[in-house]
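Asker: 3D, please:
(one chain, ligands or ions: 1)
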Amino acid sequence: MRPADILERHRQLYARPRSLADWTRPDVVRAGLAPLEAELADHLTPPGRLLLLGVGGGREAIALARRGFAVTGVDFAPALAAAAARTAQEAGIAITVEVREVTGLRPPASRFDAVWFSGTLYAALPSRALRVGLLRRLAASLRPGGGLVCQVHCDPSTAPRPWELRLRRAVARCTGGYTALQPGDMMPAGGEFHHYFQSPEELRAEFAAAGLQVRRRVAGDARRPTGILLARRGPQGPG
Ligand SMILES: C[S@@+](CC[C@H](N)C(=O)[O-])C[C@H]1O[C@@H](n2cnc3c(N)ncnc32)[C@H](O)[C@@H]1O
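Answerer: Below is the predicted model of the structure:
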């Protein structure tokens, strides 16, 4: 199984009617930004163009548009993207929606003032190489001073022992699973891939590889070990 196969599996999971129902529930969409998301959004300065990856039913898109951003939302689930556009229109809010898989994005240089990864979508992208490649292109699409927001889980307890990693790779080889597993990669049967960062240093290094600096990190608590980042492109640009 290659990263492309994992992304295809994710696409199929989100194309299910159950997923459409979950992410378009009026109470979910109306809830707007969660407190941590709102805290991060406070670091972005509207007005400006904001690229939202994983628009879903439009929950964050509508909230961010209300804050003054011109939102372009991207999602690979056509029904979810359509629902986001419809719900925004019904609320009298203009957003642009595109049906795309995010790792294929190549946005024009200096196009956006902000890039926003929905939830933990960033960590659901299989392989560091794929994540860093996308981050580099997104960083180049930011105007100087622009910000990139994403949320990840930092959980060192997910570190496998070397023998465990070797065993999981061997099982993956025999069962047609994902053989490029890295420490912190989780592939629950039938579920989504997720990369758990092992430390703030790993996080910083991944962003640095794309020329982005972590400027704000709001660590989750012990029960919800969610690290939340704000990486901001400097005036010199990435690199
Ligand atoms: C957990 S849902 C969140 C939906 C919405 N943003 C919210 O928080 O209410 C993740 C969304 O990202 C989309 N998504 C996941 N992986 C994606 C990918 N690789 N490319 C494009 N969209 C993706 C899914 O279709 C889904 O709409």
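Asker: what about the residue of the chain found nearest the ligand, which SS state?
Answerer: Using CB to the nearest ligand atom, the point where the chain gets nearest to the ligand is residue 56, with a distance of 2.3 Å. For the C-beta atoms, the positions are set from N, CA and C on the backbone; glycine is no exception. The three-state label for residue 56, taken from DSSP: H, G, I helix; E, B strand; the rest coil, comes out as coil.
Asker: quick one: low-confidence ranges for the protein?
Answerer: 220-228, 231-239 (pLDDT under 70).
Asker: Could you give the number of residues near residue 84?
Answerer: 28 (other CB atoms under 10 Å).
Asker: hmm, I was thinking of residue 141
Answerer: Neighbour number of residue 141 under other CB under 10 Å is 22.
Asker: How much space separates the closest residue to the residue of the chain closest to the ligand other than its chain neighbours from residue 79?
Answerer: Counting by CB to CB, 6 or more residues apart in numbering, the nearest residue to residue 56 once its immediate chain neighbours are dropped is residue 23, at 4.3 Å. Shown here: residue 23 relative to residue 79, a distance of 10 Å by CB to CB, to the nearest Å.
Asker: List phi and psi for the residue nearest to residue 195 when sequence neighbours are not counted.
Answerer: Nearest residue to residue 195 in three dimensions, chain neighbours excluded: residue 123, at 4.8 Å (CB to CB, 6+ apart). Dihedral angles of residue 123 (phi, psi; degrees, to the nearest 10) stand at phi -80, psi -10.
Asker: Which one's more surrounded, residue 23 and residue 79?
Answerer: Using other CB under 10 Å as the criterion, residue 23 and residue 79 rank with residue 23 on top: 23 against 18.
Asker: which ones are touching the residue nearest to residue 56?
Answerer: Taking CB atoms under 8 Å, 6 or more residues apart in numbering as the contact definition, residue 23 lies against 56, 57, 59, 80, 83.
Asker: Include neighbour count when you put these into TSV, please.
Answerer: TSV is the format used below for these (neighbours: other CB atoms under 10 Å):
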residue	neighbour count
56	26
57	28
59	24
80	25
83	21
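Asker: from the residues you listed, which is closest to residue 161?
Answerer: Distance to residue 161, by CB to CB, is smallest for residue 56 among the contacts of residue 23, at 36.6 Å.
Asker: quick one: the closest one and residue 80 touch, right?
Answerer: Yes - Residue 56 is within contact range of residue 80, at 5.3 Å (criterion: CB atoms under 8 Å).
Asker: Are there residues contacting both of the two? Which ones?
Answerer: 23, 24.
Asker: Show me where this structure has its strands.
Answerer: Assigned by DSSP state E, the strands in the chain fall at 48-53, 69-75, 96-99, 112-117, 142-153, 185-186, 194-195, 213-219, 226-232.
Asker: Adjacent strands (with direction) for the longest one?
Answerer: Okay, so that is strand 142-153. Here strand 142-153 is paired, per DSSP bridges, with strand 112-117 (parallel), strand 226-232 (antiparallel).
Asker: In it, which residues are buried?
Answerer: Within strand 142-153, the residues scored as buried using 16 or more other CB atoms under 10 Å are 142, 146, 147, 148, 149, 150, 151, 152, 153.
Asker: near the ligand, which residues of the protein show up?
Answerer: Contact residues (CB under 6 Å from any ligand atom) of the chain with the ligand: 7, 10, 14, 23, 28, 54-57, 59-60, 74-77, 80, 101-103, 118-119, 121, 124.
Asker: Can you flag the buried ones in the residues you listed?
Answerer: 7, 10, 14, 23, 54-57, 59-60, 74-77, 80, 102-103, 118-119, 121, 124.
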